[in-house]
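J.: Below are the sequence and a predicted model; questions follow.
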Amino acid sequence: MKLTALAAHTPEAVRAALAARGWETQPAWFAATGVQSLVVLLDEVSEPERESLVRWGAKAGADVLTGDGWALVGAAASRLAPLARPDRLPPGLEALAPELGRFLASYADPPRRWEISGGVLTLDHPVLIGIVNVTPDSFSDGGRFATADRAVAQAERLVADGCELLDVGGESTRPGAAPVTAEEEIRRVAPVIEQLARRGLGPVSVDTRKGAVARAALAAGAAVVNDVSGLAFDPALARVVGDAGAGLIVMHMRGTPDTMDSLAVYRHVPAEVAAELGTAAARAEAGGVAPPRIVVDPGFGFAKTPEQNFRLLDELATVVALGYPVAVGPSRKRFLGAATGRPVEDRDRATAVACALAWERGARLFRVHDAALAREALRVAGATTSAR
Ligand code: PMM
């Protein structure tokens, strides 16, 4: 006998090994995802549920670690699958089936497209979102593109460097930034969006927390709304996006840019961020935004310390497991400075590396200032994991 250790961080190695031994593509992929080991953490577990899980684990050969009100279950996906099937579920575990079923389905078949106004973005490759800030005080490029002409020139460069979506923002979200009225924000973003649409540059997304700004931006030609407040700032925003049939990015943050730093207190960062993002996505659906139009974003730098940002980057799979495509925006942020010692104007290499790591962990969209460097890093990352 001869032993070869296979990579297990994705199903790819098993799929390739089976394919090399004559298996057809589809069965090889299903078998590979079935063999893949998964770990799920269950909270709010009752005592009878816990006992039932331990009994099931002993029979199924799964690892079950439990404590007061929680259980951690580790097993191959194929062993977990019966727990998601009402007809094969051990008695007492009925509450588990729907959520586990949703997770396993999106794990085996992750979303590969994002519906936005007037089109679709395919997500089988890294999708770059170029940042076009039209704010006088944004933290990294504040003031440089404050006029519409400059913003358009920046957009042209971003598109030439491979961006498939342009994110136009008229309000700085850094702590201490001066508040901007909806009228002023519209005055900043609408002419730029109109020009981009007229020149066929785009599609365009508008980075705003306000329903009135979103409405004006969509009327000016935007196809996506990117809300850093995760629909917590303006309850009217979801309905505006839903009525327009636009795409929506819901980002995770806590509080407002002024209060968020004091709210960076977590017991378990990825679990809490994913749960709060799940609530935001549910708000979007309740407002009439169809699930295929929703993208979630963990909100690097928003209500998170540098250590929490790195935990979140490493454990992005917990956010991916929500079943929506994941966007990330690490571009030039403070946590990258904390790791590299580089100032904000010299963090594009670190940004590119963070994007590559995020792709490998399941992110599909990348909001960046410098698209050329990120594209290069993502081409390498994308080529490494092309079968996913
Ligand atoms: N970061 C900023 C602004 N908007 N939107 C999304 N979806 N994700 C982000 O991480 C994000 C965002 C802050 O950065 P900037 O001031 O450089 O635009």
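T.: That came through, no problem.
J.: At which residues are the helices of the stretch 151-300 of the chain located?
T.: 182-198, 211-220, 237-244, 269-286 (DSSP state H, counting those that start in this stretch).
J.: nearest to the ligand, of those?
T.: With distances scored as CB to the nearest ligand atom, the stretch of those nearest to the ligand is helix 269-286 (11.4 Å). All C-beta spots, glycine's among them, are computed from the backbone N, C-alpha and C.
J.: Now do the contacts for the residue nearest in space to the middle of the chain.
T.: Geometric centre of the chain, nearest residue: residue 326, 2.2 Å, by CA atoms, centre = their mean. Contacts of residue 326 were listed using CB atoms under 8 Å, 6 or more residues apart in numbering, and they are 295-298, 316, 319-320, 358, 362-365.
J.: Export the helices of the stretch 151-300 of the chain as a markdown table, with columns for mean neighbour count and distance to residue 170.
T.: As requested, those are exported to a markdown table (neighbours: other CB atoms under 10 Å; distance: least, CB to CB, whole Å):
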| stretch | mean neighbour count | distance to residue 170 |
| --- | --- | --- |
| helix 182-198 | 20 | 3 |
| helix 211-220 | 23 | 7 |
| helix 237-244 | 22 | 15 |
| helix 269-286 | 19 | 22 |
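J.: Of all those, which one is nearest residue 123?
T.: The minimum distance between residue 123 and those falls on helix 269-286, with 16.5 Å, by CB to CB.
J.: touching the ligand at all, the closest one?
T.: No - Helix 269-286 does not reach the ligand (CB under 6 Å from any ligand atom); its nearest approach is 11.4 Å.
J.: what packs against that helix?
T.: helix 237-244, strand 247-251, strand 294-297, helix 306-314, helix 317-320 (3 or more CB pairs under 8 Å, 6 or more residues apart in numbering; DSSP states H and E).
J.: most neighbours per residue, which of these?
T.: Highest mean neighbour count of those: strand 247-251, a mean of 29 (counted as mean count of other CB atoms under 10 Å).
J.: Listing partners with orientation, what would you give for that one?
T.: strand 224-227 (parallel), strand 294-297 (parallel) (DSSP bridges).
J.: about what we covered before: pLDDT wise, what is the residue nearest to the centre of the chain at?
T.: As predicted, residue 326 sits at a pLDDT of 98.
J.: mind checking how far it is from the ligand?
T.: Going from residue 326 to the ligand by CB to the nearest ligand atom, to the nearest Å gives 10 Å.
J.: likewise residue 338?
T.: Distance from residue 338 to the ligand, by CB to the nearest ligand atom: 16 Å.
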